[in-house]
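In: Dropping the sequence and predicted coords here.
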Amino acid sequence: MAAKSRTVHASERGTVQIGINMMVVSTPSTYITSKGLSEVTGEEISKIEHFGVHKQRLPTLSQSNVTMVADAIYLFIKRVSAWPDMEKKFFKELPKAIYFGTESNDDYSRPEAAPALGMTISRLLNEDAEKYKRYANALKNIEIKQVTFACAGGGLSISDAVDSVYTAASFGRNESAIVITADTAVYNPRRARNAEKTQGSAAALMWITKNPELVDIKYSRGYGRFSMPLSDFTKFGNCTPIVHGEASNIGYVYAVAKAVEDLEAAYSARAPMGQSILESRIVPKQIGEMISGIMHSVLKKINEKYEGLSFADLYAFISHVPYPKQAKEGAGYLFVHYLKRFNPKLYDQMQKRQDVGKDPLAGKRLTDLITEKLSSFGGDAENGVISYLESDKDIKEELKWIKKVMKQPEFGAFLNKLHIDDALDLPSKIGNSYTTSLPVALASLLRKVSDQHHFGEHMISRPAVLVFYGSGLVAKAFVVEIKATQKSREHIIISTESESGGIELLPAAYTYLHSQLILGDAFRTITTNDLTEQNRDLLGGKLPKGFNLVRRHSDGTWESVFVNGAGVPEPIRPRF
């Protein structure tokens, strides 16, 4: 294919590249395996691993959202301060806002990111006041905002952070922003049957800057959005959720797909969908033609190899990961959607296969079917919608047919090409972390693909789509470009990678810990007891490294220690 000059859309001229420059994933070092959970629940290991989670990371008695966020901020500052170029960028583009996405905040008056920040600053000043004083001062000239909508808070926060950096740049100011997510997903079997096998816990920090090293967020053409009230999942009046599993699965596929459709509309309004994502990267004029030619050649080969499947212009696709199986089912719907829309030949061929059969919708989209069903709902009570969706035969039949398509080799090629399994590697070892689930999957992808790309290779575009989702329902879809290379892989910090195996929770320890976790962070940590000593009893004398609460008080104050690399707890004295 001959090289073509790259046309820059008017909306992109002068656009500043904004995205993720550094990323930290902080998880508890304590975990239970699927084998251990099997011993607790009596279920077969295969049934537990059917959901794709092989290991669940869970906080201990002395850990919470606060300590996970403190760990993430601490690791971020330590890495920045160790690199002269990164330190220079930090103070040149000072963060002016922290956006905190969570659905597990037990303090109704302020984000738990606030005491976590105080704990981190105190630890740094305890270590070396002279070295870290200017970081402490910089992090005081900052605003902290919390965004809560089930698991979507991180995605909603990212667009806010991008807006703040862009606004500052528009007026000639150099500013950055920090997005933090943190959640622990634990389930009471009496309120959420079958959900215990998907539990998990993690915090993530994403530093949003100009000229990012990891991910360039394509904001100039907008995002894909969808929202519709549906009470499929709620923590109303309780620390653990009520989950309507089947309705939640339908809602997940529906919201993610509708957000992607909205994203398609946003791009196709300006350019054909096949070109718009490709054209979203701004490159210097003198090399634009060369890069454009390379990209069109690469995509031509990809199209030939995968029979012209749509999404051939995407390098990766990541949607929210409640558990890996559900993320793959979401990808299954999108695969069928793009077959119907862009590859009718393969779509027809598949229906002739004995193990697939005719599509019950005969070319119609599942999202259109669900929209029609919802529009025709005639019940008198809102809670009637759940049973209405779960019992609908047409929806069930189409979802059943999509699962048959997912067993075909072309779907395996689709997963491979879009690096979906790469993105699901880390979530399978952590479990569901609600708001942090997609950032965990993104970090997993970046770690994997950075090993495959040397410095300079990011000049060849690697466009991707990220879709954040929250039950209830909301979804937000982003077009981004993956820029991570071997040179920038050190910008990704995953706390579990520095561990020598972590601390396994034995069945008896897990059973007791789970009974405490479902009570919520506040109930568990407001105590006169020493939580670290209780942890020693629970974990055979061990303590998890990093920030640990000794106790919290009903006035919101804390007592904590930092467990160093040698396993020794060092008291944290509040410093400002």
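Out: Right, received. Where do you want to start?
In: Now do whichever helix in the chain runs longest, average pLDDT.
Out: Secondary structure of the chain per DSSP state H: the longest helix is helix 113-138. Helix 113-138 shows a mean pLDDT of 97.
In: How about stretch 422-430?
Out: Computed over stretch 422-430, the average pLDDT equals 96.
In: What is the helix or strand hosting D537 packed up against?
Out: In the assignment (DSSP states H and E), D537 maps to helix 531-538. Helices and strands touching helix 531-538, by 3 or more CB pairs under 8 Å, 6 or more residues apart in numbering; DSSP states H and E, are helix 507-517, strand 546-552. The C-beta positions use only the backbone N, C-alpha and C, and glycine is treated the same way.
In: redo that, cut-off 10 Å
Out: Counting by 3 or more CB pairs under 10 Å, 6 or more residues apart in numbering; DSSP states H and E, the packing neighbours recorded for helix 531-538 are helix 507-517, strand 546-552, strand 558-563, strand 569-571.
In: tilt between the second one and helix 531-538?
Out: Going back to what we said before, that points to strand 546-552. 110 degrees (axes from the mean of the first three to the mean of the last three CA atoms, to 10 degrees).
In: angle of strand 546-552 against strand 558-563?
Out: Relative orientation of strand 546-552 versus strand 558-563 (the same axes, to 10 degrees): 150 degrees.
In: quick check: angle from strand 546-552 to helix 113-138?
Out: Using the same axes, to 10 degrees: strand 546-552 against helix 113-138 is 120 degrees.
In: from now on call the first residue 28
Out: Right, with 28 as the first residue, what we last looked at is strand 573-579.
In: got a list of contacts for the next helix or strand after the longest helix of the chain?
Out: With elements assigned by DSSP H and E, the helix or strand that comes after helix 140-165 is strand 170-174. Contacts with strand 170-174, where a contact means CB atoms under 10 Å, 6 or more residues apart in numbering, come from 122-130, 132, 134, 137-141, 143-144, 180-188, 191, 204-208, 462.
In: what does stretch 115-124 give?
Out: Surrounding stretch 115-124, the residues in contact under the criterion CB under 10 Å, 6+ apart are 48-49, 103-104, 107-108, 110, 161-162, 165-166, 168-172, 184, 187-188, 191-192, 195-196, 200-206, 234-238, 240.
In: What remains of these if I keep only buried residues?
Out: Buried residues within those, counting neighbours by 16 or more other CB atoms under 10 Å: 48-49, 103-104, 107-108, 162, 166, 171-172, 184, 187-188, 191-192, 195-196, 202-206, 234-237, 240.
In: Kindly provide the distance from the residue nearest to V412 when sequence neighbours are not counted to F263.
Out: Once flanking residues are discounted, V412 sits nearest to F404: 6.0 Å by CB to CB, 6 or more residues apart in numbering. Computed as CB to CB, to the nearest Å, the F404 to F263 distance reads 22 Å.
In: Can you tell me which of the contacts of stretch 115-124 end up in helices?
Out: Those of those lying in helices (DSSP H): 103-104, 107-108, 161-162, 165, 184, 187-188, 191-192, 195-196.
In: My guess is N591 contacts K572. True?
Out: Yes: using CB atoms under 10 Å, N591 is in contact with K572, at 7.3 Å.
In: For the two, indicate the residue with more neighbours.
Out: Set side by side, N591 and K572 show more neighbours around K572, with 20 against 11, by other CB atoms under 10 Å.
In: The stretch 428-577 of the chain: helices as residue ranges?
Out: Secondary structure of the stretch 428-577 of the chain (DSSP state H, counting those that start in this stretch): helices at 436-444, 447-451, 454-457, 464-477, 534-544, 548-552, 558-565.
In: what's the most buried one of the helices and strands packed on helix 558-565?
Out: A comparison of the helices and strands packed on helix 558-565 by mean neighbour count, using mean count of other CB atoms under 10 Å, puts strand 573-579 on top with a mean of 23.
In: can you give me the mean pLDDT across that one?
Out: 97.
In: Buried ones among the contacts of strand 170-174?
Out: Using 16+ other CB under 10 Å as the threshold, 122-130, 132, 134, 138-141, 143-144, 180-188, 191, 204-208, 462 are the buried ones among these.
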